[in-house]
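**Q** Dropping the sequence and predicted coords here.
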Amino acid sequence: MTAIRHDWSRNDVRALFDLPFMDLVFRAQTVHRQHFEPNTVQVSTLLSIKTGACPEDCKYCSQSGHYDTGLDKEKLLEIQKVVEEALNAKEKGASRFCMGAAWRSPRDKDMPYVLEMVKQVKGLGLETCMTLGMLSGEQAQQLADAGLDYYNHNLDTSPEHYGKIITTRTYDDRLNTLAHVREAGIKVCCGGIVGLGEAREDRIGLLMQLANLPVHPESVPINMLVKIAGTPLGDVEDLDSFEFVRTIAVARLLMPDSHVRLSAGRETMNDEMQALCFMAGANSIFYGEKLLTTANPEAEHDRLLFARLGINPERRQDVSDEARAEAIAQSVRQQQLASLTRDAMASRDTVN
Ligand code: SAM
Ligand code: DTB
Ligand code: SF4
């Protein structure tokens, strides 16, 4: 087993990106096999529960009210409609149902509805995930009490590139929400987008931020930008496919115990490219014809792809809440011990 580290330097991460492609993918696949069943991929289905008219200005997003993308806006869906979609996703083979809302953050009057959605979707035997924007500590606790398994909130890009992509919320706002989610005991789903016109140094910066969080996100979505006409990034230059695979491989090496999701952007990838991503350690996908507002491959196509590659969908995880809380507490204790040891070594070096 590779040790779980939280002290990755820029040079460490850059050195991984700089490896010859085959060496990088081989190393990522080797680490992947030490930590996961090799031919198993976790399958989540997404639903937009509130669409468009978002006050944020994320330059990639179809749902931002700042750009004219021609999207049909929709108010918060009825609970019954959400439950029907979740049942449908379960019947098609998803193990997790992710509900996304185009909000800066939920209003207090929205909370009873989303809490009820969590309870009812969980009642179907699905893992639940929500992405509702920024959360206060109290809102995170309410979601935890309702039984929410995962909360998705991405860092999106490096701290250095961030201001070119979003101006209406800060990097620290995002880190605060992540801390609230973690403190409430909800599992964290946090990743980013590549292909925004960022430099490799920004992909390095994003992965360093994720890998140096106090506890690694359980789920790390790596999204390839889906270009949306009408947004400022609607016709940005394509990212090289191998650079995308490298990003997946480096994420796998930095966060060996996390599920790395080959997330948005599969619609424009061929099957061979997706197989390379699995080879590089991706072990989760979004499944079903729609992401939030854009197209995803047909479910039938994905079933066939899994069969051609001998991949099995991961079964729902049944680890108890107590076991998970103990695993996180242990990881925090290990980090504290590692940092105490480092401090002791440093002061010994100074004394000598
Ligand atoms: N509004 C909430 C928020 O931003 O926290 C939740 C939904 S938002 C759509 C979730 C994530 O989807 C974003 O942080 C971004 O990483 C990803 N995303 C959004 N639009 C995308 C696009 N056009 N291409 C790829 N990823 C995208
Ligand atoms: C994530 O990292 N990717 C998903 C999910 N979290 C919410 C969203 C992808 C959105 C792609 C563009 C769209 O469909 O609107
Ligand atoms: Fe709003 Fe989320 Fe889209 Fe940003 S990514 S504009 S916060 S829906």
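**A** Looks like it arrived, so ask away. Ligands and ions are numbered 1, 2, ... in the order given.

**Q** show me the residues around D68 that make contact.
**A** G230 (CB atoms under 8 Å, 6 or more residues apart in numbering). Backbone N, C-alpha and C define where each C-beta goes, glycine included.

**Q** What separation do you get for E56 and R203?
**A** Distance, E56 to R203, by CB to CB, to the nearest Å: 22 Å.

**Q** Kindly list the longest strand within the protein.
**A** As assigned by DSSP state E, the longest strand anywhere in the chain is strand 40-50.

**Q** near ligand 3 at all, that strand?
**A** No: applying CB under 6 Å from any ligand atom, one finds strand 40-50 separated from ligand 3 by no less than 9.0 Å.

**Q** and the next element down the chain from that strand?
**A** Sequence-wise, the next helix or strand downstream of strand 40-50 (DSSP states H and E) is helix 79-92.

**Q** can you give me the angle that next one makes with strand 40-50?
**A** Helix 79-92 runs at 160 degrees relative to strand 40-50, counting by axes from the mean of the first three to the mean of the last three CA atoms, to 10 degrees.

**Q** now helix 79-92: how far from the chain's centre is it?
**A** Its chain's C-alpha centre lies 22 Å from the corresponding centre of helix 79-92 when counted by CA atoms, centre = their mean, to the nearest Å.

**Q** Tally up the residues packed near the closest residue in space to T170 that isn't next to it in sequence, please.
**A** Distances taken as CB to CB, 6 or more residues apart in numbering place Y162 nearest to T170, at 7.9 Å, with adjacent residues excluded. By other CB atoms under 10 Å, 22 other residues sit near Y162.

**Q** go on, A307?
**A** When neighbours are defined as other CB under 10 Å, A307 has 10 of them.

**Q** beta partners for M224?
**A** Going by DSSP bridges, M224 is paired in beta bridges with V194.

**Q** residues contacting it?
**A** Applying CB under 8 Å, 6+ apart, the residues near M224 are I193, V194, G195, L239, F244, S263, A264, G265, R266, T268, M269.

**Q** Quick one: name the residues of the stretch 201-350 of the chain near ligand 1.
**A** N223, L225, V226, I228, A264, L292.

**Q** 5 Å instead?
**A** Counting by CB under 5 Å from any ligand atom, the stretch 201-350 of the chain comes close to ligand 1 at N223, L225, V226, A264.

**Q** would you turn those into a markdown table with distance to P38 and pLDDT?
**A** Output for these, formatted as a markdown table (distance: CB to CB, whole Å; pLDDT from 0 to 100):
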| residue | distance to P38 | pLDDT |
| --- | --- | --- |
| N223 | 24 | 98 |
| L225 | 29 | 97 |
| V226 | 29 | 97 |
| A264 | 25 | 96 |
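
**Q** Among those residues, the buried ones, what's the PyMOL command?
**A** Here is the PyMOL command that picks out the buried ones among these, judged by 16 or more other CB atoms under 10 Å:
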select buried, resi 223+225+226+264
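
**Q** name the element the residue in the stretch 251-352 of the chain positioned nearest to ligand 3 belongs to?
**A** Closest approach between the stretch 251-352 of the chain and ligand 3, counting by CB to the nearest ligand atom: L292, at 7.8 Å. Using DSSP H and E, L292 sits in no helix or strand.
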